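# Prediction below, plus the sequence it came from.
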Amino acid sequence: HQGLILDDALAHPDFHIEAQHHGRGWMGVPIIYKERLLGIFTLDSEEVGFFNASHLRLAEAFASQTAVVIENARLYEEARRTAAELEFLHTASEVVASAASLEAAAERILEQLQHIVPFDSSTIFLREGDQWRVAGCRGFSEPEVVLKLRFDSQTDLPINEVFRSRQAHILEDVQQHPNYIAVGPHQWIRGWMGVPVNFKERVLGVITLDSHQEGYFSDAHKQLVMAFAEQIAVAMENARLFEETNQRAAEAEALQAAGAAITASLSQYDILHNILGYLGRVIAFNSGSVQVIKGDHMEILAVAGPQAENTMIGTVFPLDNPLEQRFLTEMQPITIDDTSAPLAGYAEREITPIRSWMGVPIVFQEHVLGKITINRYSLTAFTTHETRLALALANQAAAALANAHLYEEARRSAEESETLRQAAFEV
């Protein structure tokens with residue numbers, strides 16, 4: 001932190017000489033503010049030995065004044081930038097708060113976030129059961145592909161490290177992380193940052209920012225995104241509650257309508273087809289079937305989805321296979337997150353490209369009448385809530401099928417009695 005005079009800079013062994021430099025006499029003076037080096041200014045002369053101690057004292061006094069000016073300018077710029085950031089964070093949170101759904105909120109969050117911290121791509125993950133689903137993304141060439149991605153929340157992926165620690169993480173090169181999944185649109189990502197969206201004691205989701213440049217994200221970036229995450233947490237929770245309330249109301253309405261329609265019919269055919277129709281109003285699936293026990297097998301009597309009825313109706317599944325035995329003994333729903341894993345007795349995976357599967361028994365008075373199956377062609381596991389919805393509908397169907405069976409028996413008995421009466425009359 002001391003000034004330095006060189007009588008002949010060209011004679012100094014460590015002096016770096018540029019092509020256009022013609023100076024011989026040289027003086028360097030540090031610019032210091034409260035023992036902190038802000039910079040250095042140098043003076044050159046073509047004359048050897050030009051600078052002296054008097055010059056140095058004058059230059060040091062000037063450097064002291066310059067240090068104050070530079071520091072004041074830095075503080076002003078920092079205050080201006082901080083005020084701008086706070087104003088933008090407030091504006092961004094208001095924009096996000098106006099969203100009425102999580103997907104809309106996610107889209108606005110990423111749109112606003114890019115004004116705060118420039119990125120190449122970004123994703124918002126929400127946790128559903130044991131999986132992370134993508135609620136929104138930005139910067140990807142094929143966003144529809146990214147939106148379908150699901151990740152296991154129980155592994156050691158970088159996103160799970162953020163979730164468990166509830167702290168932001170920066171990776172200089174995410175490709176070097178032993179558990180990073182570098183497939184599809186994530187192959188080119190290098191710099192990576194994950195920030196949790198914390199609401200009270202819960203992590204609502206995780207925002208990830210990506211860069212194709214290694215070491216792109218800094219602690220300053222992290223602080224900005226964490227502040228933004230704090231601002232939007234309430235908005236995200238409100239959007240989630242609003243969406244959940246609407247979803248529950250729609251589910252209750254659909255279940256009530258289903259119950260009325262199913263129980264009002266005494267036709268087994270109408271009951272079976274109504275089950276799948278109303279189930280599709282509360283649970284997303286690609287195909288499904290209703291199967292009824294007949295003797296020693298389950299037989300498909302109704303289907304929904306792209307399968308042709310003439311190829312699916314009448315398909316049978318022996319009751320002695322392990323999967324059907326579970327339904328008969330446990331009388332509980334069974335979900336299979338990934339049907340590509342070996343599973344004895346799962347014959348339907350040979351018929352359609354099913355990846356996630358759920359079966360719900362139709363039980364009446366501790367007796368299994370059949371089962372409902374619904375399928376997804378993507379690896380999207382059915383949630384506990386969806387299982388409860390399917391079970392509620394199956395219970396309604398069980399009572400309706402039992403009533404239809406009693407009605408059919410009464411009708412058949414009446415026809416037999418009428419036949420006998422006519423025969424007796426003729427005799």
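Nice, thanks for sending it over. If you're wondering where the values come from, they're calculated on a predicted model, not measured in any experiment. Numbers count the residues shown, from 1 in each chain.
# just the helices in the chain please.
53-97, 102-116, 143-146, 158-165, 219-264, 268-282, 309-312, 322-330, 384-426 (DSSP state H).
# what's the least confident stretch among the ones you listed?
Within those, confidence is poorest for helix 309-312, with a mean of 64 (mean pLDDT).
# returning to what we had before: and Asp296, which of the helices of the chain is closest to it?
Of all those, helix 322-330 sits nearest to Asp296, with 10.0 Å by CB to CB. In short, each C-beta sits where N, CA and C put it, glycine included.
# what comes up buried for the closest one?
Leu323, Glu324, Phe327 (16 or more other CB atoms under 10 Å).
# and the gap between the first one and Pro143?
This means Leu323. 37 Å (CB to CB, to the nearest Å).
# do Asn72 as well
Taking CB to CB, one finds Asn72 at 46 Å from Pro143.
# Settle it for me: which of those two has more neighbours?
The neighbour count for Asn72 versus Pro143, taken as other CB atoms under 10 Å, is higher for Pro143 (16 against 11).
# mind listing what that one touches?
Cys137 (CB atoms under 8 Å, 6 or more residues apart in numbering).
# switch to 10 Å and redo it
Ser121, Thr123, Val134, Gly136, Cys137, Pro185 (CB atoms under 10 Å, 6 or more residues apart in numbering).
# what's around the second one, how many residues?
What it means is Thr123. Neighbours around Thr123, by other CB under 10 Å: 28.
# correct me, but it touches Val134?
Yes - the pair Thr123 and Val134 qualifies as a contact (CB atoms under 10 Å) at a distance of 5.8 Å.
# Common neighbours of those two, please.
Ala106, Phe140, Pro143, Val146, Leu147, Leu149, Thr208.
# out of those, which is most surrounded?
Ala106 (27 neighbours).
# Leaving out sequence neighbours, find the closest residue to it.
Gly136 (2.7 Å; CB to CB, 6 or more residues apart in numbering).
# quick one: that neighbour from Trp188, how far?
Distance from Gly136 to Trp188, by CB to CB: 20 Å.
# Pick out whichever of the two has more residues nearby.
Gly136 (24 against 12).
# tell me which residues form a beta bridge with that one?
Beta bridges link Gly136 to Ile124, judged by DSSP bridges.
# What of Ile336?
Trp357.
# now swap in Ile32 and tell me
Leu37.
# Just give me the neighbour total for it.
18.
# you'd agree it is up against Ala63?
Yes - contact criterion CB under 10 Å: Ile32 and Ala63 qualify, at 7.2 Å.
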